[in-house]
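Colleague: make a model of this:
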Amino acid sequence: MNKTDLIAIVSEKADISKKDAEKAVNAMIDAIIENVAEGQEIRIVGFGTFERHERAERVGCNPQTKEKITIRASKVPAFKAGKAFKDAVDK
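Modeller: Numbers count the residues shown, from 1 in each chain. The predicted model follows:
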């Protein structure tokens with residue numbers, strides 16, 4: 001499934017136009033990205049939690065040359081599925 005498929009499903013389930021469904025899906029995605037980028041956690045009960053994790057600087061290895069390299073610290077998005085989501089997938 002891709003974003004277009006998701007928009008079609010939202011449109012059908014919410015009984016709204018595809019244009020309105022696209023606006024809603026885009027608004028939700030934008031809100032999640034903006035807030036997680038700012039370091040806020042977004043909890044959607046029954047679905048999951050979006051949050052930002054910080055990775056420390058570490059030493060890695062170039063697989064071609066076997067040379068040790070330093071991998072800089074970074075902030076990455078993370079998602080943890082909620083119990084209801086996990087249970088639905090496990091059925």
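
Colleague: contacting residues around stretch 74-89?
Modeller: 36, 44-55 (CB atoms under 8 Å, 6 or more residues apart in numbering). Where you see a C-beta, it was placed from the backbone N, CA and C, and this is true even at glycine.

Colleague: measure E38 to T65 for me?
Modeller: Using CB to CB, to the nearest Å, one gets 38 Å for the distance from E38 to T65.

Colleague: ok so, going back, nearest to A8, of the contacts of stretch 74-89?
Modeller: F47 (19.8 Å; CB to CB).

Colleague: give me the number of neighbouring residues for that closest one.
Modeller: 14 (other CB atoms under 10 Å).

Colleague: residue contacts, it?
Modeller: A81, G82, A84, F85.

Colleague: point to the residue nearest the middle of this structure.
Modeller: Nearest residue to the geometric centre of the chain (CA atoms, centre = their mean): F79, 5.7 Å.

Colleague: listing partners with orientation, what would you give for the helix or strand that that residue is a member of?
Modeller: Per DSSP states H and E, F79 falls inside strand 74-81. Strand 74-81 has its sheet partners listed here by DSSP bridges as strand 48-55 (antiparallel).

Colleague: so what touches the strand it pairs with?
Modeller: Contacts of strand 48-55 (CB under 8 Å, 6+ apart): 32, 35-37, 39, 41-43, 73-82, 85.

Colleague: quickly find the element holding the residue lying farthest from the centre of the chain.
Modeller: Note on the chain: the largest C-alpha distance from the chain mean falls to T65, namely 33.6 Å (CA atoms, centre = their mean). Using DSSP H and E, T65 sits within no helix or strand.
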